[in-house]
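A.B. asks: just coords:
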């Protein structure tokens, strides 16, 4: 594969999976349910350390953190492959090993970026599921 082709593919996927900013006019369905559950819990058990995070937000943060760590590891692998290639000294076996590492790391990075984009989209969709009012309205769209 040509390096120029890989660069264009990488940049295209990066731009295609940029998470959008959501501007909901009213609280989402999950936020309304979460608020009602928190107020019921505060009425029964008191207001001791109630956090304002729902399961969707926590899951999104966990997925983002895991994908970020994997992305950093893949970038380190790309740097290592570049180091192997630069220090190969003309040895064909080491150059082939470095190219294989580089290709696999770039493919892994593309997959991580794609999975981040997809998970971000799905989590935004789930967290804003009730923004239109009812679930029937969401399904009708």
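C.D. replies: Now that the structure is in, tell me what you want to look at. No experiment lies behind these values; they were computed from the predicted model shown.

A.B. asks: buried residues in the longest helix that the chain contains?
C.D. replies: For the chain, the helix reaching the highest residue count under DSSP state H is reported as helix 92-127. Of all the residues in helix 92-127, those buried under the rule 16 or more other C-beta atoms under 10 Å are 98, 101-102, 105-106, 108-110, 112-113, 116-117, 119-120, 123-124, 126-127. Quick note: C-beta positions are derived from backbone N, CA and C, even for glycine.

A.B. asks: what about residue 2, how many neighbours?
C.D. replies: Burial of residue 2, expressed as a neighbour count using other C-beta atoms under 10 Å, amounts to 7.

A.B. asks: For residue 63, give me its contacts.
C.D. replies: 116, 119, 123 (C-beta atoms under 8 Å, 6 or more residues apart in numbering).

A.B. asks: Check which residues of the helix or strand that contains it are buried.
C.D. replies: Residue 63 is part of helix 55-86, with elements assigned from DSSP states H and E. By neighbour count, with 16+ other C-beta under 10 Å as the criterion, the buried positions of helix 55-86 are 56, 57, 60, 63, 67, 70, 74, 77, 78, 81, 84, 85.

A.B. asks: ok, now stretch 31-42?
C.D. replies: Applying a neighbour-count criterion of 16+ other C-beta under 10 Å, the buried positions in stretch 31-42 are 31, 34.

A.B. asks: Nice, that's everything, thank you.
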